[in-house]
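Asker: test case, fold it:
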Amino acid sequence: MTLLTRAIPVLSDNYTWLLRDTATGTTAVVDPGEAAPVEAALDAEGGRLDLILLTHHHTDHVGGTDALRARYHARVAGPASEQHRMPALDIPLHDDDSIAVGDSRGQVIAVPGHTKGHIALYFPDPPTLFCGDTLFSLGCGRLFEGAPEQMFHSLHRFDSLPDTTLVCCGHEYTQSNAAFARHVDPDNPALAQRAEEVGRLRAAGKPTIPSTLGLERATNPFLRAPDAATFARLRREKDSF
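Answerer: Okay, the predicted model is just below:
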């Protein structure tokens, strides 16, 4: 019982995540910002889509949902508190709900901050976190609808997850995040090494994610902030960096 995951680049810098349960062949996608690249990826792997998982209502994460639903007759699951402003949900999700992709069962984690109803999805085999625009590699999401204290708490809802957890976020922001992280944490050798790696990957046209929670705990200034006040200061600085 294993969940295979890969990224599909969509729009200018978004990622949709393709999930396939190896035991059943059940296939899902997370946050399809547009349909065409996702359709191409699905068709290359047999043309099956059973479930569409949405983390929040922003158009760059849900824009392809209705077209994919219509073509593949997939069910749609997403945050119940945002269902009035996103494509129609067949499965409204609440904090601590479980969601199945075939025999793989994931946990819903409420992580408000970027939007009020934002959720993340954690699957344990292998440990994989689909965190939308809450946690990025070397960064975190802007606070469009929440307060800094709320986002600080949301990020620390991941504290119990293992270091090996794959961080499957919604955007390729790592290189710009690295510049800010080095600015505020210049003496961190793990961060310096990660920034060099990111530069090499992007120069080669390769993605920088998934990352791991262990790497983010060692390098991400927002996860390393000791308290909500420090987090708030960092978020303000990043907004104008």
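Asker: from the rest of the structure, what touches the biggest helix by length in the chain?
Answerer: For the chain, the helix with the greatest residue count under DSSP state H is helix 189-203. By CB atoms under 8 Å, 6 or more residues apart in numbering, the residues outside helix 189-203 that reach it are 137-138, 174-175, 178, 181-182, 185, 207-208, 215, 218-219. The way it works is simple: take the backbone N, C-alpha and C, and place the C-beta from them, glycine included.
Asker: buried set for it?
Answerer: 191, 192, 194, 195, 198, 201 (16 or more other CB atoms under 10 Å).
Asker: same question for stretch 117-125.
Answerer: Buried-residue list, stretch 117-125, by 16+ other CB under 10 Å: 117, 118, 119, 120, 121, 122, 123.
Asker: now it: average pLDDT?
Answerer: Mean pLDDT, stretch 117-125: 97.
Asker: contacts only, for the residue of the chain positioned farthest from its centre.
Answerer: The C-alpha centroid of the chain is most remote from residue 187, which lies 27.8 Å away (CA atoms, centre = their mean). By CB under 8 Å, 6+ apart, the contact list for residue 187 is empty.
Asker: sec struct for it, please.
Answerer: Following DSSP: H, G, I helix; E, B strand; the rest coil, residue 187 is assigned to coil.
Asker: among the buried residues of stretch 117-125, which lie within strands?
Answerer: Counted as lying in strands by DSSP state E, out of the buried residues of stretch 117-125, are 119, 120, 121, 122, 123.
Asker: right, I'll call it a day here.
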